[in-house]
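> requesting a structural model of the entry that follows:
(chains A, B and C)
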Amino acid sequence: MPELPEVEYGRKVAEKSCAKKVIQEVHCDNDSIVFENKLPAEIKRALVGRRVLEICRRGKFLWFELDKTPWPIFHFGMTGSFHTPDQPTIQLESGPTVESSQWPPRFTKIRLVMDDGCELAMTNSRRLGRIRLSPNPLEDPSIAKLGFDPLIDMPALESFQESLGKRKGNLKGLLLNQSFAAGVGNWIADEVLFQAGIAPTRRANTLGAEESLNLYDALTKIVKTAVELDADKSRFPNTWLFHHRWGQNQEAQTAEGETIEFAQIGGRTTAWVPSRQR
DNA sequence: CTCAGTGTTCAGTG
DNA sequence: TCACTGAACACTGA
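Numbers count the residues shown, from 1 in each chain, chains lettered A, B, ... in the order given. Model prediction:
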């Protein structure tokens, strides 16, 4: 479940079960795709016996700061998440359900056992996620080129507006671009444009001052709210497009009864409300 | 059997 | 060189 709020929740889960503890056991699936050809033995050698100092996140990437490098970097891809034995699993809107009763869960790629007995597992059913080791995650190419993270270093309004003015593409594509706003994914991009009242096809450099302010406020608020709710979808306000956008059915309507349209914009299925978004 | 999908990367284009 | 676009990747569940 992988946009910024879901990954941030994963960070908290990992923090609770692993921070300040020593990794006692590492159980790795021998998956050449997720582990990028690294063998379980190499992963274990780097992790077993290490103390976890801190769990860090930027955009949709997570990494563990250990008492000794290299450090593990985790990316959930389309379907990954962290689990602990009694942690209630957050249900995906679409996609696999993980039986909370079984441990380790189905599709577990790596499982850590800490020195106090706590466990953490990462699942990844569709194998677009990645786990790799890095001597310095901030210099890992995929993390180094990320843009601002709306939760960590949202720019000042003025510089946000200035950067919009330099972009010629449509806003949906720009919001999905991780080198612009790190951590924004498909549902957040649609939610932001919906709440800001701006059409996903609008070119970034055509926004007026009020529109870019609305965009800025919507992005800030939606991310902050979703993170505060631990990415628990059932607690998102009913006025959010989020609850009404799934399935791409013709009948789809917002809480107010407005018609939801679906289109391919920015390379992704986009849900939007033409009567409200200009 | 077919297809969509909460993501990233990379090749191709202008 | 840079901004932008579209296809490829993997595979489960509907």
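> from here on, just use CA atoms for contacts and neighbour counts.
Noted.
> nearest residue to residue A:33 other than its sequence neighbours?
residue A:127 (6.9 Å; CA to CA, 6 or more residues apart in numbering).
> could you report the pLDDT at that neighbour?
Per-residue confidence for residue A:127 comes out at a pLDDT of 95.
> surely it is in contact with residue A:36?
No - in this structure, residue A:127 is not within contact of residue A:36 by CA atoms under 8 Å, at 10.8 Å.
> more crowded one of the two?
Taking other CA atoms under 10 Å, residue A:127 and residue A:36 do not tie; residue A:127 has more neighbours (19 against 12).
> the more buried one belongs to a helix, doesn't it?
No - judged by DSSP: H, G, I helix; E, B strand; the rest coil, residue A:127 forms no part of a helix; its state is coil.
> and it, how far is that from DNA strand B?
Distance of residue A:127 to DNA strand B, computed by CA to the nearest atom of the strand, to the nearest Å: 9 Å.
> equivalent analysis for residue A:35, please.
Taking CA to the nearest atom of the strand, one finds residue A:35 at 14 Å from DNA strand B.
> and for residue A:268?
With CA to the nearest atom of the strand as the criterion, residue A:268 and DNA strand B are 7 Å apart.
> and the stretch 151-278 of chain A, which residues reach DNA strand C?
Residues of the stretch 151-278 of chain A that fall close to DNA strand C, judged by CA under 7 Å from any atom of the strand: A:166, A:167, A:168, A:169, A:170, A:173, A:174, A:266, A:267.
> quick one: pLDDT of residue A:86?
Reported pLDDT for residue A:86: 78.
> correct me if wrong: residue A:241 contacts residue A:191.
Yes - if you go by CA under 8 Å, residue A:241 and residue A:191 touch, sitting 5.9 Å apart.
> more neighbours, the two?
Using other CA under 10 Å, the more surrounded residue of residue A:241 and residue A:191 is residue A:241, with 25 against 20.
> so where do the helices sit in the stretch 151-278 of chain A?
A:157-165, A:171-176, A:186-196, A:209-228 (DSSP state H, counting those that start in this stretch).
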